[in-house]
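[1] Build me a structure from this.
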Amino acid sequence: MNAMIAIAIAKAKNNIRKKSGLAFAMERVLEHCDRAMVDLAADPVHDLRVALRRCRSLADGLMALDPASEWKQMKRAGRVLFSSLGELRDVQVMEQWTQSLGSAEDPVSFALMQSLRNREIQLKLEATKALQGFDRKQWRRWSALLPGRAIRFKPASPLFKHLALEHWTNAYELHRRAMRNRSQVAWHSLRIGLKRFRYIVENFLPEEHRAWKGDLKQLQDLLGEVHDLDVLWSALLRLNAFPDEQARSRWQARMLEERSRRIEQYRAKMLGAASLWQVWRARLPRGEEIESLALRRLKQWAAFLDPEFQHSQQVSRLALQLYDGLPKPPRRQPAPHNDERVILQIASLLHGLGRSTKEKKPEKATHRLIAGLKPPLGWNPGNLKIAGAVARYHRGALPRVGQKALLGLTPAERQMVFHLGGILRLATALAADRGHQIGRLEVGERNDFLVIAVPGYSPRDPAAQAIAGARHLMELVYRRPVMVKSLSVRKTRTAKPAES
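    Numbers count the residues shown, from 1 in each chain. Next up, the predicted model:
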């Protein structure tokens, strides 16, 4: 009996997944396109925009971990159609508000409805053209490809909790701004920020969504209605729909009352120590876990893009061993950051990104890709810029003041790039032999030399020449020779078996 119940529960969960995943959402877009084409009525237009927004929000979350270009392409195509229906949706919503706030005999309502209906006719013609121009074949191709990439990521993953915290942080800052200046723009920005947080939770954190969905929907509705009232008031002013000051005052008072009531409902839930902001924050990552997950996100992103990411991980291990064993370079200015080891770790993990572009100078492509990367929460944008410069010099030309990768860096930061770049350059050369995995390095000093002992190293190997060249930047930084030699491995003696 218990087994039958378990099977039934598993089937139910599977059905839910089929009706809530990316494939289902993308198929719904096409279904709602067909319904909207009939007469572009308010409900089908709203349903189509909701379906498009869901696909775009799924793409937003997944493209933060998966750099496949198809996510951006699908999102852009959805945005074009979504935006083409935006003004039509606004007009239809304003019609509903006008009927709710006014009456058939009210000259303000009559004038506004006439204007809105005339505008709606024109907008429906434009929306029809947009629907006809929507590339359904391409959308179906993405529908076949992208869900297969999406299933690589498990819902409720800590990476999605980190992403939710990122959106929570942005939304909370917008909340604080709205509480300070209370402008229409601030409330509208808060509505967008809260909506993005809601979609990450809805799409990727099923347990949190079950607990929070009622409040999230109510808050989004409240802020959405505040925005609707602001848009409606602007339309009334543009149309100059008021026959006299009395009519203007009456409408303004009624709309202000509706708006204020919704804002007070929002404030009741979102202010104070027990606010929903704090309830949500309590379920999301804290402290050192934030930085750890930021690093995991960068590694995940790089693993998709770098065709030899395992090799990059080996380079990273060697680079960190070198960093930990080497002394501080002479005449180095005080480090502007106390996390340069993490900068080296990220630079070494991402240094192979340029291989995915098949450009003649992959190190430059690596720098460009890192420069275009949005830093995840917990990672300093300045540190990421330095890591990109360090990765740029893992091979190729030596760094020189005035080069593009060093622009905008302080003298101390440039010294850091030279130092860490020299370490990464040598680690890359040491790991060049893909068939020989180096485990432990030993770093020390002998006389005036820096000595690096490497298991299995031989000056007669073909890689020795590349290693000799890779030492040069480190020698410039440390102002003394660097010697690479073989690390002798001590054999442990096994005891002879006792004679019987």
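
[2] Roughly how far does Pro329 sit from Leu430?
    19 Å (CB to CB, to the nearest Å). Yep, even glycine has a C-beta here, placed from its N, CA and C like the rest.

[3] So for these two, which residue has more residues nearby?
    More neighbours surround Leu430 than the other of Pro329 and Leu430, with 25 against 16 (other CB atoms under 10 Å).

[4] The residue lying closest to the more buried one once chain neighbours are set aside: neighbouring residues, count only.
    Leaving out its chain neighbours, the residue that sits closest to Leu430 by CB to CB, 6 or more residues apart in numbering is Leu318, at 5.5 Å. Counted with other CB under 10 Å, residues neighbouring Leu318 total 25.

[5] For Lys169, list the residues it contacts.
    Slight slip there: residue 169 is Thr, not Lys. Leu377 (CB atoms under 8 Å, 6 or more residues apart in numbering).

[6] Report the secondary structure state of the residue nearest to Leu430.
    Following DSSP: H, G, I helix; E, B strand; the rest coil, the label given to Leu318 is helix.

[7] That one reaches Leu424, doesn't it?
    No - here Leu318 lies out of contact with Leu424, judged by CB atoms under 8 Å, at a distance of 9.3 Å.

[8] From Gln246, how far out is the spatially most central residue of the chain?
    Nearest to the mean C-alpha position of the chain, by CA atoms, centre = their mean, lies Ala64 at 3.5 Å. Using CB to CB, we find Ala64 at a distance of 54 Å from Gln246.

[9] Quick one: neighbours of the nearest residue to Arg262 once chain neighbours are set aside, just the number.
    Counting by CB to CB, 6+ apart, Leu222 is the residue found nearest to Arg262 once chain neighbours are left out, at 4.6 Å. Number of residues near Leu222 (other CB under 10 Å) recorded here: 20.

[10] and the host helix or strand of Leu222, what does it pack onto?
    According to DSSP states H and E, Leu222 maps onto helix 206-239. Applying 3 or more CB pairs under 8 Å, 6 or more residues apart in numbering; DSSP states H and E, one finds that helix 206-239 makes contact with helix 86-101, helix 107-133, helix 184-204, helix 245-270, helix 276-281.

[11] For that helix, give the mean pLDDT please.
    The average pLDDT within helix 206-239 is 95.

[12] That helix relative to helix 86-101, how many degrees between them?
    80 degrees (axes from the mean of the first three to the mean of the last three CA atoms, to 10 degrees).

[13] Just give me how far helix 206-239 sits from the chain centre.
    Distance of helix 206-239 from its chain centroid, counting by CA atoms, centre = their mean, to the nearest Å, is 24 Å.

[14] got the angle for it vs helix 245-270?
    170 degrees.

[15] Renumber starting at 56 from here on
    Understood, numbering begins at 56; the last thing we discussed is helix 261-294.

[16] Can you check what angle separates helix 261-294 from helix 239-259?
    Using the same axes, to 10 degrees, helix 261-294 lies at 150 degrees relative to helix 239-259.

[17] for helix 261-294, which positions count as buried?
    Buried positions in helix 261-294, judged by neighbour count with 16 or more other CB atoms under 10 Å: 261, 263-264, 267, 271, 274-275, 277-278, 280-288, 290-291.

[18] For the strand or helix carrying Leu103, what does the pLDDT average out to?
    According to DSSP H and E, Leu103 maps onto helix 97-118. The pLDDT scores in helix 97-118 average 95.

[19] buried set for stretch 228-242?
    Those would be Leu229, His230, Arg232, Ala233, Gln239, Ala241, Trp242, for stretch 228-242 by 16+ other CB under 10 Å.

[20] for it, what is the average pLDDT?
    Per-region confidence: stretch 228-242 scores 95 on mean pLDDT.

[21] How far off centre is that stretch?
    Here stretch 228-242 is found 24 Å from its chain centre; the criterion is CA atoms, centre = their mean.

[22] got the CA positions of that stretch in CSV?
    Extracted as CSV, the C-alpha positions of stretch 228-242 are listed here (Å, rounded to 0.1, in the frame of the first residue of the first chain):
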residue,chain,number,x,y,z
GLU,A,228,17.6,48.5,-1.8
LEU,A,229,14.8,49.7,-4.1
HIS,A,230,12.3,49.3,-1.2
ARG,A,231,14.5,51.5,1.0
ARG,A,232,14.7,54.1,-1.8
ALA,A,233,10.9,54.0,-2.2
MET,A,234,10.4,54.5,1.5
ARG,A,235,12.8,57.6,1.4
ASN,A,236,11.5,59.6,-1.6
ARG,A,237,8.1,58.0,-2.3
SER,A,238,8.2,59.0,-6.0
GLN,A,239,6.3,57.3,-8.8
VAL,A,240,9.6,56.2,-10.3
ALA,A,241,10.8,54.7,-7.1
TRP,A,242,7.6,52.7,-6.6
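
[23] can you list contacts of it?
    By CB under 8 Å, 6+ apart, stretch 228-242 touches 244-245, 247-249, 278, 281-282, 285, 318, 325-326, 332.

[24] now swap in stretch 125-144 and tell me
    Residues outside stretch 125-144 that contact it (CB under 8 Å, 6+ apart): 84, 91, 95, 97, 100-101, 103-104, 107-108, 110-111, 114-115, 117-118, 175, 178-179, 181-182, 185-186, 189-190, 193-194, 197, 200-201, 204.

[25] Buried among the residues you listed? Need that as a selection in ChimeraX.
    Listed next is the ChimeraX selection for buried residues among the contacts of stretch 125-144, using 16+ other CB under 10 Å:
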select :84,91,95,100,101,103,104,107,108,110,111,114,115,117,118,175,178,179,182,186,189,194,197,201,204
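
[26] and Ala508, backbone torsions?
    Here is the backbone geometry of Ala508 (degrees, to the nearest 10): phi -100, psi 130.
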